[in-house]
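In: Predicted model follows, preceded by the sequence.
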Amino acid sequence: MYDSLAQDDFEKAYLRSTWRKMIARVTGRSNELLPFDEVRSALPYRGQRDIGLRTVPLDLIVGSVGRYRDFDRAFLPTQRQTTDRWVNISKARYKDVPLPPVELYKIGEVYFVKDGNHRVSVARDRDQVDIDAYVTEIDIPFRLTADMDIDTVLHEKEYGRLVQQTRLDELRPEVDLHLSNPAEYERLLGHIDAHHYYLGTERQADVGYEDAVLSWYDSVYRPLVETIEAEGLLQQFPKMTTADLYLRVSEYQWLVREAAQDTLLDEEARAGATARMAEIYRQRVVRRVIRTLRHETWIDTMIRDKEYAAFLERTRLRDLRPEAEILASLPGKYEKILEHIHVHQYYLGLDQQRDVSYEEAVASWYDNVYLPTIQPIRQQGLLAQFPGRTETDAYIWIIEHREALGEEVGE
């Protein structure tokens, strides 16, 4: 009797696996067990340890060491070569014969069968919820969940490299820098490397990589992400991750800043940045993001605020000249002013035949270049003819066009 019952169970299980295979082909969804060796070799790990006998939920067992082709993702049999083994285990269950615990590897939140594939299959077929197992845990620096297929696991491989290099999972445990395209993790690392370089330049000292990573995350990534969240971009683009949007917005900001170096028109700067982004990114969803950003005024405001804070920190103008108001209405212009100060420092040193400190150069530039340039503008009330512009905007325009202006007045 038990023979026929067990054999009948196998035939039903095999038929269900056939139907599941057909459905998987139609839907395009993966129905395969994950191969342990491929997953294990793809992921960075920190070691492994035996964690003893555990009761493991069967739906978290998603792969196998050597039998991943013999069963589908639900552990239904996909071949008949080992029918006898499956039937014998099923008979033992009918007879209430105790079976030894299976042996599993645990990676992340999921498990792979080292020994006991048929026991797991029969248990799943009988709608058993969990199973006793001796477990060896392999430690990895990110989550691996039961809904992942092999492509997702390979994606996690690239994410794992990012996390392993930056150690952000340890430094900031709440971090989630997942990108939709695994090839773009190198771009994210490039952002960190660029921040590392500029941090060292700003401090005029060697900065450790860990310090640079923390500084990038705390002072660059998180503030921009908070703005992205506040502006509702995650709701507008639900298929993109937070890190996806960080990359697009930050790169768009940079391109706006670069384009603004050569124009005093907001729209020209945004149009230039939009065109450049369209050359870089071909994906339709990214182009939708770009079109949205082009009409978002908070982009310019955020760039200006960040640049202004960096300008004040670099020049210490608040301390040197408390009354000074250097306010540009366009992004990218504070970099121009810093260039003017550096040039002034150079010529001041030549004129006085000595080394001129940066602070001295800043004060001299303000007193002898900036103020003399804007005082006629104040006296004649010229800004009234240019609503929305500032004295600093006018200063930049005059400095950049003084050669042409000189020719016009015959100088």
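Out: Received it, and whenever you're ready, just let me know what you need.

In: Now Asp37: closest residue in space, sequence neighbours ignored.
Out: Among residues not flanking Asp37 along the chain, Val65 sits closest, at 7.1 Å (C-beta to C-beta, 6 or more residues apart in numbering). In short, each C-beta sits where N, CA and C put it, glycine included.

In: just Ala183 next, same as before
Out: In space, Ala183 is closest to Glu158, 7.6 Å off (C-beta to C-beta, 6+ apart).

In: residues in contact with the residue nearest to Asp37?
Out: Phe36, Asp37, Tyr105, Phe112, Val113, Lys114 (C-beta atoms under 8 Å, 6 or more residues apart in numbering).

In: tell me the pLDDT at it?
Out: We have a pLDDT of 93 for Val65.

In: State the distance from it to Leu104.
Out: 10 Å (C-beta to C-beta, to the nearest Å).

In: Ok, Leu171 next?
Out: Here Leu171 is placed at a distance of 31 Å from Leu104 (C-beta to C-beta).

In: which one of these two has more residues nearby?
Out: Leu104 (27 against 13; other C-beta atoms under 10 Å).

In: Please, where are all the strands along the protein?
Out: In the chain, the strands defined using DSSP state E lie at 34-35, 47-57, 61-64, 102-107, 110-115, 130-139.

In: The fourth one vs strand 47-57, what angle?
Out: Between strand 102-107 and strand 47-57, the angle comes out at 120 degrees (axes from the mean of the first three to the mean of the last three C-alpha atoms, to 10 degrees).

In: partners of strand 102-107 in the sheet?
Out: Its sheet considered, strand 102-107 pairs with strand 110-115 (antiparallel), strand 130-139 (parallel) by DSSP bridges.

In: Among those, single out whichever gets nearest to Gln204.
Out: Across the strands paired with strand 102-107, Gln204 has its closest neighbour in strand 130-139 (39.6 Å, C-beta to C-beta).

In: So which bits of the helix of greatest length in the chain are buried?
Out: When the chain is parsed with DSSP state H, its longest helix is helix 2-27. Residues Ala6, Gln7, Asp9, Phe10, Ala13, Tyr14, Ser17, Arg20 are the ones in helix 2-27 that count as buried (16 or more other C-beta atoms under 10 Å).

In: Can you name the residues bridging to Val135?
Out: Gly52, Leu104.

In: Output the below-cut-off pLDDT ranges for the stretch 51-200 of the chain.
Out: Counting by pLDDT under 70, the stretch 51-200 of the chain shows no low-confidence range.

In: All the helices of it, residue numbers only.
Out: Using DSSP state H, counting those that start in this stretch, the helices of the stretch 51-200 of the chain run over residues 83-94, 117-125, 150-166, 168-171, 185-203.

In: what's the angle from the last one to helix 150-166?
Out: Meaning helix 185-203. Using the same axes, to 10 degrees: helix 185-203 against helix 150-166 is 10 degrees.

In: ok, residues contacting helix 185-203?
Out: Contacts for helix 185-203 (C-beta under 8 Å, 6+ apart): 158-159, 161-162, 165-166, 177, 179, 206-207, 209, 211-213, 215-216, 220, 243, 247, 250, 314.
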